[in-house]
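Peer 1: One predicted model, sequence on top.
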Amino acid sequence: MAAKKPEQTLVDQWRDILALHARTQCELDRALHRHGLCASDFEVLDVLADVRRATGGDCSYRVQEISERVHLSQSALSRLIARLEKDGLVERGMCSEDRRGVRVALTPKGRTLHGEVLPVQRAVLTKMLAED
């Protein structure tokens, strides 16, 4: 049997990464659905919780800063934030540094839900990433 070319090994590794991502995303969606969230919803809540933990207070991110941390288009992120706001999990406000900007912060309800769901998300990640 002929040895694989280095380029094919690279392509195979890339496809393995994509497959792991897809399996993990599906498992996250399944586990988080019981809590009324999908994986992308949780990622936004988690990013907002991270900024709060890092600064020790009620902090917010500009939508642009969130988009740099989650893998969604600007329009998809805007729709997701609107849905989270409608559900009372986040609130939007004007950016004091730039009147055109919008800041997003967790509400108390969002912080509570994030705290409840965090162990679920981390358990799925632990399980899925330990399988390799």
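Peer 2: That came in fine, so what should we check first?

Peer 1: Only C-alpha atoms from now on, for both contacts and neighbour counts.
Peer 2: OK.

Peer 1: Centre-most residue in this protein?
Peer 2: In the chain, the residue lying closest to the centroid (CA atoms, centre = their mean) is residue 43, at 1.6 Å.

Peer 1: pLDDT at that residue, what is it?
Peer 2: In this model, residue 43 is scored at 96, pLDDT.

Peer 1: now the one 5 residues further on
Peer 2: Residue 48 carries a pLDDT value of 95.

Peer 1: burial of it, as a residue count?
Peer 2: By other CA atoms under 10 Å, 23 other residues sit near residue 48.

Peer 1: OK, contacts around it?
Peer 2: Applying CA atoms under 8 Å, 6 or more residues apart in numbering, we find residue 48 in contact with 59, 60, 61, 104, 105, 106.

Peer 1: and residue 15, what element?
Peer 2: Applying DSSP states H and E as the criterion places residue 15 in helix 6-33.

Peer 1: Show me where the protein dips below the pLDDT cut-off.
Peer 2: The chain contains residues with pLDDT under 70 at 1-2, 52-58, 95-100, 131-132.

Peer 1: which residues in it form helices?
Peer 2: Residue ranges of the helices in the chain, as given by DSSP state H, are 6-33, 39-55, 63-67, 74-86, 108-130.

Peer 1: Rebuild those helices as TSV, extending it with distance to residue 92.
Peer 2: Shown next, in TSV, are the helices of the chain (distance: least, CA to CA, whole Å):
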stretch	distance to residue 92
helix 6-33	23
helix 39-55	12
helix 63-67	9
helix 74-86	7
helix 108-130	13
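
Peer 1: so which of the ones you listed gets nearest residue 94?
Peer 2: Nearest of the helices of the chain to residue 94, taken as CA to CA: helix 63-67 at 10.9 Å.
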